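K.L.:
need coordinates for the below:
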Amino acid sequence: MSFCLYQLALNKNIQEHVRKEVFQVKKKNNGILNYEFLGELHYLEMVIHETLRMYPPFEILRNTTKSYQIPDEDFVIEKNTKIVISAYCIHMDPKYYPDPMKFDPERFSSEEKSKRPNNTFLPFGVGPRICLGNRFAIMVLKVAISQI
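P.N.:
Got it, this is the predicted structure:
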């Protein structure tokens, strides 16, 4: 949350967009903070995802289950080798996220997300071992930021 608030402080136009969305959705829901309220905070969710892109909470650690020959290389990753998949490096790759140092929540609009290959956004991991608390974490961030 601190990174998100930091980016909102640096980007006043994005901060104002979030404020307007929160006030509009609060008014629409008669000030009641519930699951429906949180589900309507689409722009805030984009801001949270962009924050997680720039500041992923962890790296993905895996243990290989079989040997793997790197294509077009002589290098083989042997079975039972511990590997680290760097979410940060993927999130900062200009091939997937042009101008990666710029804080741009629009990267996570439905249209923009559909342009990227799968598994290029990994703040909570991916696949069968994805973090079980990822949706809860997003909800908590939405609650906290909307109340601030």
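
K.L.:
which residues touch residue 123?
P.N.:
With contacts defined as Cβ atoms under 8 Å, 6 or more residues apart in numbering, residue 123 is in contact with 49, 52, 53, 56, 57, 87, 91, 134. C-beta here means a position set from N, CA and C on the backbone, and glycine is covered the same way.

K.L.:
for those residues, which one is nearest residue 108?
P.N.:
Minimum distance to residue 108 across those is 4.2 Å, recorded for residue 49 (Cβ to Cβ).

K.L.:
tell me the mean pLDDT over the helix or strand encompassing that closest one?
P.N.:
Taking DSSP states H and E as the definition, one finds residue 49 inside helix 42-54. Within the predicted structure, the mean pLDDT of helix 42-54 is 98.

K.L.:
so which bits of it are buried?
P.N.:
Of the residues in helix 42-54, those buried under the neighbour-count criterion (16 or more other Cβ atoms under 10 Å) are 43, 44, 45, 46, 47, 48, 49, 50, 51, 52, 53, 54.

K.L.:
re the thing from before, ok, the contacts of residue 123 vs residue 4, which is closest?
P.N.:
Closest to residue 4 out of the contacts of residue 123 is residue 52 (8.6 Å), distances taken as Cβ to Cβ.
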